[in-house]
Every structure is written in C-alpha cells, then in structure tokens.
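>>> please find the sequence and the predicted model below.
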Amino acid sequence: MNEDLHVNIPLMDEKHEEFLTLLSNIRSCEKNEFLPLFKEMIEHTKEHFAFEEELMKKYEFYAKGEHLDEHKNLLGEMEYFYEKAQKLPVFGKSYIDDYAYDKFRRHIINIDSQLAMFFKERGIEL
Ligand SMILES: [Fe+2]
Ligand SMILES: [Fe+2]
C-alpha cells in the first residue's frame with residue numbers, strides 16, 4: 001500500500017491493505033475469475049465497512065452519519081457495476097480498472113483519515 005494511504009490505525013490499515021490486494025488480483029485475473037473475485041471484493045467491503053461502523057457507534061464518532069452515507073454510496077455503486085457486469089463484463093471491467101482505486105483512495109484520504117484522527121486524539125488504540 002502506498003505510504004500516503006496509511007491512516008496508522010493498524011486494524012483499519014489491515015482492511016485497506018486486503019482491499020488493495022483483492023483489487024489488484026481482479027485487475028490481473030483470467031476472464032472466468034472476474035465475477036467471483038468482484039463478488040469477493042463486495043463481500044470484503046461489506047465486512048470492512050461494518051467493522052468501521054461498529055467502531056463509530058461504540059465510540060460515538062461525531063461524523064458517523066456522513067461516514068455511513070459515504071459507505072452506502074460506495075457499496076451501492078460497487079453492487080450496481082457488479083450487476084451490470086453479469087450481462088456486460090466490459091462495464092464491470094471499466095469500473096475495476098478506471099474507478100475503483102480512485103474511489104477507494106478518496107474515501108481513505110477524506111473520510112477514513114478523519115475517523116483515524118478521532119481515535120488518535122482520544123488515545124483509542126485499535
Ligand atoms: Fe476504511
Ligand atoms: Fe470508511
């Protein structure tokens with residue numbers, strides 16, 4: 001993972017690292033592996049987001065609403081492209097190749113880093 005994407009909360013960085021590995025596997029996979037791996041990426045993202053959401057609830061994070069909305073949008077978009085890709089693989093491929101990384105990167109830099117800062121300021125170690 002690029003150094004600039006670390007939020008320095010080990011459990012969060014771990015999820016992000018796993019996501020990037022999955023993404024790079026999809027980008028270089030065989031055609032027949034594309035949809036199963038795409039599905040796996042969605043499942044991983046659900047787990048990743050649920051994990052952060054649990055923490056936000058537990059520690060009463062002040063910007064929880066905004067963060068949850070953003071998760072919902074990202075996941076909804078991923079699922080939309082996955083559905084489309086069933087009939088039109090090229091559609092899913094363009095999402096994976098041209099958008100997914102950037103969406104993910106922006107979420108970490110703009111949203112997850114704010115949550116990580118909140119944990120650090122309160123001395124919450126994860
Ligand atoms: Fe995250
Ligand atoms: Fe997040």
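Okay, I see it. Residues are numbered from 1 along each chain as shown. Ligands and ions are numbered 1, 2, ... in the order given.

>>> show me where the chain has helices.
Along the chain, counting by DSSP state H, helices occupy 10-27, 31-58, 64-87, 89-94, 100-107, 113-121.

>>> who does the second one touch, helix- and strand-wise?
Judged by 3 or more CB pairs under 8 Å, 6 or more residues apart in numbering; DSSP states H and E, helix 31-58 is in contact with helix 10-27, helix 64-87, helix 89-94, helix 113-121. Heads up, the C-betas are built off the backbone N, CA and C, glycines and all.

>>> centre of the chain to the first one, how far?
Meaning helix 10-27. In terms of CA atoms, centre = their mean, to the nearest Å, the centre of helix 10-27 is found 8 Å from the chain centre.

>>> may I see the buried residues of the lowest-mean-pLDDT helix or strand in the chain?
Sorting the helices and strands of the chain by mean pLDDT, DSSP states H and E puts helix 89-94 at the bottom, at a mean of 93. Buried positions in helix 89-94, judged by neighbour count with 16 or more other CB atoms under 10 Å: 91-93.

>>> what's near enough to touch residue 112?
7, 12, 16, 52 (CB atoms under 8 Å, 6 or more residues apart in numbering).

>>> among those residues, which are in reach of ligand 2?
With the criterion set as CB under 5 Å from the ion, the members of the contacts of residue 112 near ligand 2 are residue 52.

>>> and which of the contacts of residue 112 is nearest to ligand 2?
residue 52 (4.6 Å; CB to the ion).

>>> on that earlier part again, which of the helices of the chain has the lowest average pLDDT?
Set side by side, those differ in mean pLDDT, and helix 89-94 is lowest with a mean of 93.

>>> how many neighbours does residue 62 have?
A count of nearby residues for residue 62, using other CB atoms under 10 Å, gives 12.

>>> so what's it closest to, chain neighbours aside?
With sequence-adjacent residues excluded and distances taken as CB to CB, 6 or more residues apart in numbering, residue 62 is closest to residue 118, at 7.3 Å.
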